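Engineer: Make a model of this:
(3 chains)
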Amino acid sequence: MTTETTVAPDTSEAQLSAAIAAAAGSEAGPQIGQRQLVVINWSGSYDKVMPTLIMSSVAAASGYRAKVFLTFWGLLPFVRDDKRITGENWMQKMLSAMQRPGISHLRMSQMNFLGMGPWMIGKLSKQYNVASPRELLEACQLMGVEFLPCQMTMDMFGLKREDMIEGLGEPVGAATVLELMTEDHTASLFI
Amino acid sequence: MTTETTVAPDTSEAQLSAAIAAAAGSEAGPQIGQRQLVVINWSGSYDKVMPTLIMSSVAAASGYRAKVFLTFWGLLPFVRDDKRITGENWMQKMLSAMQRPGISHLRMSQMNFLGMGPWMIGKLSKQYNVASPRELLEACQLMGVEFLPCQMTMDMFGLKREDMIEGLGEPVGAATVLELMTEDHTASLFI
Amino acid sequence: MTTETTVAPDTSEAQLSAAIAAAAGSEAGPQIGQRQLVVINWSGSYDKVMPTLIMSSVAAASGYRAKVFLTFWGLLPFVRDDKRITGENWMQKMLSAMQRPGISHLRMSQMNFLGMGPWMIGKLSKQYNVASPRELLEACQLMGVEFLPCQMTMDMFGLKREDMIEGLGEPVGAATVLELMTEDHTASLFI
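Structural biologist: Below you'll find the model as predicted:
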């Protein structure tokens, strides 16, 4: 976990050399500060939110830019834990009632066993010093991972800014994410 | 949604300048027409076909090249809606009977509730002006998204060209997709 | 399936020309030997291990570098087939008991039907000359696909090196995978 950031070259000559060196495919590859991770966090399950948070926190801690687009089921863990029922009409309320949102209420995509799966994984995580989803989320926010809620999903679930945790970016759409994903030196994951 | 396309430079000098500018990592990043989205559409569920169609239609509408590889369960929504049973042997027929193909017969990967999940999401989509899978598919085809069926999946499910919707590309294999995915300025997603 | 590898240019002049040619975006795109596939193999189900193994074996056979990070449920198929119960404490043992590890004991993520799904797909695969997961895994190893177990997952499931199949690389963490994924000409997939 380095906090070192790359220093921009001062002169256009330096830029040109750097460009040619980069293009020449030096073994070192792209510099840390130029690298980027973009995650489309589509799933809201415990076992998929974990890799999203682990990858993006490690990326940010290593000096990469790290951005997480929160969409479909993947937006729900970023609703405030103390919210119980969200939405404006009965369908939205019913959806939130059936799948309780919030980072502390995640379910497994497999082997959930009425909550015993997450409980066992939680116990094992503690034993092996793996942070919980809540702790990882805090780490991400400290490290500067940007979380971008999907505007369309906010609308569909009837979620408002005050329903969401602090520190999220402005809601964006697919066009913004596409632009980020196709930048140079960017790894994109749909999780 | 811009329809603007990039104009190819006329001279080799211009190409060189452009190459160096691009290599220098100008803030603008790669030009729109050079960017590409490649989706491996593996899952056939309502809630995964939606992001595939939304991302690829927005990409194409923004001037990106957009290609969608249809494989495994992700091929089934691209069977014609009026096909009920497909395949040549009893196993293939049984698989199609158990999971009805076609873009109008999608199920959710979670919260399906015997069809009430898709119905509710469909209602909410309409309310918030989100297009249906069928409408998004039409938009994709109008915008020029290329849909490439996986040859191996066609074989496995016993599907023939006449079982599939109009406008799909020639069936291809993994090698073709790998080549597309590793082109420059390309974002690849496994959905 | 070419085994041809790219020859490094001898002189710095050649490197520069190559760099400029590459930057100019020649139609051929990056050379085969520079291209790379990185798969995060998160899911352990039959229908997701298949695309991981197919993509990475085809990549390696075509001359690409191919690396597969084995994490979460996706590590379990790489436990030795003859291992029945793994782990050091009762929770780890119980998890392994409930989801039998090994490449020959995969279940489908959907349409499993108490094992009939994998059986039918297995029959269809044979009929259409698609290799089984076990055969594909052997092909991957012959072709030089690198399999990298996730250290954290090894710890969480209480798995030791002797529990795993032969030929895996050293266990690594997220930082290593991030570095690989953001190299040039690399396609990254989360499967």
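Engineer: List phi and psi for the nearest residue to A:K160 once chain neighbours are set aside.
Structural biologist: Nearest non-adjacent residue to A:K160, counting by CB to CB, 6 or more residues apart in numbering or on different chains: A:M154, 7.7 Å away. Yep, even glycine has a C-beta here, placed from its N, CA and C like the rest. Dihedral pair for A:M154: phi -50, psi -50, per degrees, to the nearest 10.
Engineer: interface residues of chain A facing chain C?
Structural biologist: A:19-20, A:23-25, A:29-30, A:35-37, A:47-48, A:50-51, A:54-55, A:58-59, A:62, A:64, A:110-111, A:120-121, A:123-125, A:127-128, A:130, A:185-191 (CB under 8 Å from any CB of the partner chain).
Engineer: give me the number of residues near the residue nearest to A:K160?
Structural biologist: If you count neighbours by other CB atoms under 10 Å in any protein chain shown, A:M154 ends up with 19.
Engineer: contacting residues around it?
Structural biologist: A:75, A:160, A:171 (CB atoms under 8 Å, 6 or more residues apart in numbering or on different chains).
Engineer: which of these tops the neighbour count?
Structural biologist: A:L75 leads those on contacts (other CB under 10 Å) with 26 neighbours.
Engineer: Just the strands from chain A, written as ranges.
Structural biologist: Remark: strands assigned in chain A by DSSP state E are A:36-41, A:65-70, A:146-149, A:186-190.
Engineer: can you tell which of those is closest to C:G167?
Structural biologist: Counting by CB to CB, C:G167 lies closest to strand A:186-190 out of the strands of chain A; the figure is 25.8 Å.
Engineer: now check the helix ranked longest in chain A, is it near chain B?
Structural biologist: Longest helix in chain A by number of residues, with DSSP state H as the criterion: helix A:46-61. No. Against chain B, helix A:46-61 shows no contacts by CB under 8 Å from any CB, the least distance being 11.5 Å.
Engineer: Name the residues of that helix that are buried.
Structural biologist: A:46-61 (16 or more other CB atoms under 10 Å in any protein chain shown).
Engineer: ok, so of the residues you listed, who is nearest C:I103?
Structural biologist: Closest to C:I103 out of the buried residues of helix A:46-61 is A:D47 (20.7 Å), distances taken as CB to CB.
Engineer: wouldn't the closest one be in contact with A:G122 here?
Structural biologist: No. The pair A:D47 / A:G122 is not scored as a contact, 11.6 Å apart, by CB atoms under 8 Å.
Engineer: Residues of chain A that sit close to chain B?
Structural biologist: A:15-16, A:18-20, A:22-23, A:34, A:38, A:40, A:42, A:71-73, A:89, A:91-92, A:94-95, A:98-99, A:152, A:155-156, A:173-175, A:177-179, A:181-184, A:186, A:188-190.
Engineer: could the strands of chain A go into TSV alongside mean neighbour count and mean pLDDT?
Structural biologist: Listed next are the strands of chain A as TSV, based on neighbours: other CB atoms under 10 Å in any protein chain shown; pLDDT from 0 to 100:
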stretch	mean neighbour count	mean pLDDT
strand A:36-41	26	98
strand A:65-70	25	98
strand A:146-149	21	98
strand A:186-190	26	98
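Engineer: Which among those strands is found nearest to B:E146?
Structural biologist: Closest to B:E146 of those is strand A:186-190 (CB to CB; 19.0 Å).
Engineer: what sits against the residue sitting nearest the centre point of chain A?
Structural biologist: Centroid-nearest residue in chain A, with CA atoms, centre = their mean: A:V68, separated by 3.4 Å. The neighbours of A:V68, taking CB under 8 Å, 6+ apart as the test, are A:38-39, A:41, A:52, A:56, A:140, A:145-148.
Engineer: who does it bridge with?
Structural biologist: Counting by DSSP bridges, A:V68 is bridged to A:V39, A:F147.
Engineer: That one and chain B, how far apart?
Structural biologist: Distance, A:V68 to chain B, using CB to the nearest CB, to the nearest Å: 14 Å.
Engineer: same thing with A:M108?
Structural biologist: As for A:M108, its distance to chain B is 12 Å (criterion: CB to the nearest CB).
Engineer: Quick check: mean pLDDT of stretch A:150-164?
Structural biologist: Averaging pLDDT along stretch A:150-164 gives 95.
Engineer: Could I have the CA atoms of it written out in CSV?
Structural biologist: Backbone C-alpha positions of stretch A:150-164 (Å, rounded to 0.1, in the frame of the first residue of the first chain) are rendered in CSV as follows:
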residue,chain,number,x,y,z
CYS,A,150,-26.8,5.0,-11.2
GLN,A,151,-29.5,7.7,-11.8
MET,A,152,-31.9,5.2,-13.4
THR,A,153,-31.7,2.8,-10.5
MET,A,154,-32.3,5.6,-8.0
ASP,A,155,-35.5,6.4,-10.0
MET,A,156,-36.6,2.8,-10.3
PHE,A,157,-36.3,2.1,-6.6
GLY,A,158,-37.7,5.5,-5.7
LEU,A,159,-34.5,6.3,-3.7
LYS,A,160,-33.6,9.8,-2.7
ARG,A,161,-30.2,11.3,-1.8
GLU,A,162,-31.2,11.3,1.9
ASP,A,163,-31.8,7.6,1.8
MET,A,164,-28.2,6.9,0.8
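Engineer: Buried ones in that stretch, by neighbour count?
Structural biologist: Applying 16+ other CB under 10 Å to stretch A:150-164 flags A:150, A:152-159, A:163-164 as buried.
Engineer: Dump these to CSV, plus distance to A:R80.
Structural biologist: CSV is the format used below for those (distance: CB to CB, whole Å):
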residue, distance to A:R80
A:C150, 17
A:M152, 20
A:T153, 16
A:M154, 14
A:D155, 18
A:M156, 18
A:F157, 14
A:G158, 15
A:L159, 10
A:D163, 6
A:M164, 7
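Engineer: Widest-spaced pair of the contacts of A:V68?
Structural biologist: Spatially, the most separated pair among these is A:V38 and A:C140, at 13.9 Å (CB to CB).
Engineer: Helices of chain A, start to end?
Structural biologist: Along chain A, counting by DSSP H, helices occupy A:12-23, A:46-61, A:90-98, A:116-127, A:133-143, A:151-156, A:174-181.
Engineer: Would you mind finding the most buried of the ones you listed?
Structural biologist: Per residue and on average, the most neighbours among the helices of chain A fall to helix A:46-61, with a mean of 24 (mean count of other CB atoms under 10 Å in any protein chain shown).
Engineer: If you count contacts, what does it end up packed against?
Structural biologist: In terms of contacts (3 or more CB pairs under 8 Å, 6 or more residues apart in numbering or on different chains; DSSP states H and E), helix A:46-61 is packed against strand A:36-41, strand A:65-70, helix A:116-127, helix A:133-143, helix C:174-181.
Engineer: quick check: mean pLDDT across it?
Structural biologist: The average pLDDT for helix A:46-61 rounds to 97.
Engineer: That helix vs strand A:186-190, what angle?
Structural biologist: Interaxial angle, helix A:46-61 versus strand A:186-190 (axes from the mean of the first three to the mean of the last three CA atoms, to 10 degrees): 170 degrees.
Engineer: ok and helix A:46-61 relative to helix C:174-181, angle-wise?
Structural biologist: Relative orientation of helix A:46-61 and helix C:174-181, computed by the same axes, to 10 degrees: 80 degrees.
Engineer: CA atoms only for helix A:46-61, dumped as PDB, please.
Structural biologist: This file holds the C-alpha atoms of helix A:46-61, laid out as PDB (Å, rounded to 0.1, in the frame of the first residue of the first chain):
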ATOM      1  CA  TYR A  46     -22.400 -10.300   0.400                       C
ATOM      2  CA  ASP A  47     -20.100 -12.400  -1.600                       C
ATOM      3  CA  LYS A  48     -20.000 -10.000  -4.600                       C
ATOM      4  CA  VAL A  49     -19.900  -6.700  -2.600                       C
ATOM      5  CA  MET A  50     -16.800  -8.100  -0.900                       C
ATOM      6  CA  PRO A  51     -14.700  -8.400  -4.100                       C
ATOM      7  CA  THR A  52     -15.900  -4.900  -5.200                       C
ATOM      8  CA  LEU A  53     -14.800  -3.300  -2.000                       C
ATOM      9  CA  ILE A  54     -11.500  -5.300  -1.700                       C
ATOM     10  CA  MET A  55     -10.500  -4.600  -5.300                       C
ATOM     11  CA  SER A  56     -11.300  -0.900  -5.200                       C
ATOM     12  CA  SER A  57      -9.800  -0.300  -1.700                       C
ATOM     13  CA  VAL A  58      -6.600  -2.000  -2.700                       C
ATOM     14  CA  ALA A  59      -6.600  -0.100  -6.000                       C
ATOM     15  CA  ALA A  60      -7.000   3.300  -4.300                       C
ATOM     16  CA  ALA A  61      -4.400   2.400  -1.600                       C
END
